[in-house]
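> below are the sequence and a predicted model; questions follow.
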Amino acid sequence: MGIEPELHSGRPTPKRSSRATLLRGSYQHGEALARALGMLDRHGSGKLGWVDPYGDTLFNDQEARVARPEVAALIQLCADEKQKAALLDLAELLEACAATPGSYLWFIGD
């Protein structure tokens, strides 16, 4: 099980080629990211708890802006270096998404 986030310039469509809107992806931390996000309460008030490790989850630029502080808090809780690296990479993608109006961060679950 892993989660691979991709930053897109517009709303990606799984049925079409999403490569046309792909700006950047993170593919090296999938399992560690899933474990790190698995520490969150899926029924809590945070955005990152909504990320489905088995399906796809889409954040727009505004949701990415709201989720950024959650990553910082999660990094403080992690003792595992692989999970920290995954969360730091996610923080960069969230920052880029929040700074790019109309962009989306697509979390692709296994």
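Arrived safely, thanks for sending. Just so we're clear, the structure is a prediction, and the values are computed from it rather than from any experiment. Numbers count the residues shown, from 1 in each chain.

> how about the strands in the protein?
Counting by DSSP state E, one finds strands in the chain at the ranges 3-8, 22-25, 56-60, 104-109.

> rebuild those strands as a markdown table, extending it with distance to Glu70 and mean neighbour count.
Placement of C-beta: from N, CA and C, glycine included. A markdown table is the format used below for these (distance: least, Cβ to Cβ, whole Å; neighbours: other Cβ atoms under 10 Å):
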| stretch | distance to Glu70 | mean neighbour count |
| --- | --- | --- |
| strand 3-8 | 14 | 22 |
| strand 22-25 | 20 | 14 |
| strand 56-60 | 11 | 17 |
| strand 104-109 | 13 | 22 |
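
> got JSON lines for those, with distance to Leu40 too?
Shown next, in JSON lines, are the strands of the chain (distance: least, Cβ to Cβ, whole Å):
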{"stretch": "strand 3-8", "distance to Leu40": "12"}
{"stretch": "strand 22-25", "distance to Leu40": "22"}
{"stretch": "strand 56-60", "distance to Leu40": "13"}
{"stretch": "strand 104-109", "distance to Leu40": "13"}
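
> turn these into CSV, including distance to Gly44 and mean pLDDT.
As requested, the strands of the chain are exported to CSV (distance: least, Cβ to Cβ, whole Å; pLDDT from 0 to 100):
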stretch, distance to Gly44, mean pLDDT
strand 3-8, 18, 96
strand 22-25, 27, 94
strand 56-60, 15, 95
strand 104-109, 17, 95
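
> so what's Asn60 up against?
By Cβ atoms under 8 Å, 6 or more residues apart in numbering, the residues touching Asn60 are Cys97, Ser103, Tyr104.

> again, only using 6 Å
Contacts of Asn60 were listed using Cβ atoms under 6 Å, 6 or more residues apart in numbering, and they are Tyr104.

> next one: the one 5 residues further on
For Arg65, the contacting residues are Ala98, by Cβ under 6 Å, 6+ apart.

> for the closest residue to Tyr27 other than its chain neighbours, name its beta-bridge partners.
Nearest non-adjacent residue to Tyr27, counting by Cβ to Cβ, 6 or more residues apart in numbering: Glu4, 5.2 Å away. Judged by DSSP bridges, the bridge partners of Glu4 are Ile108.
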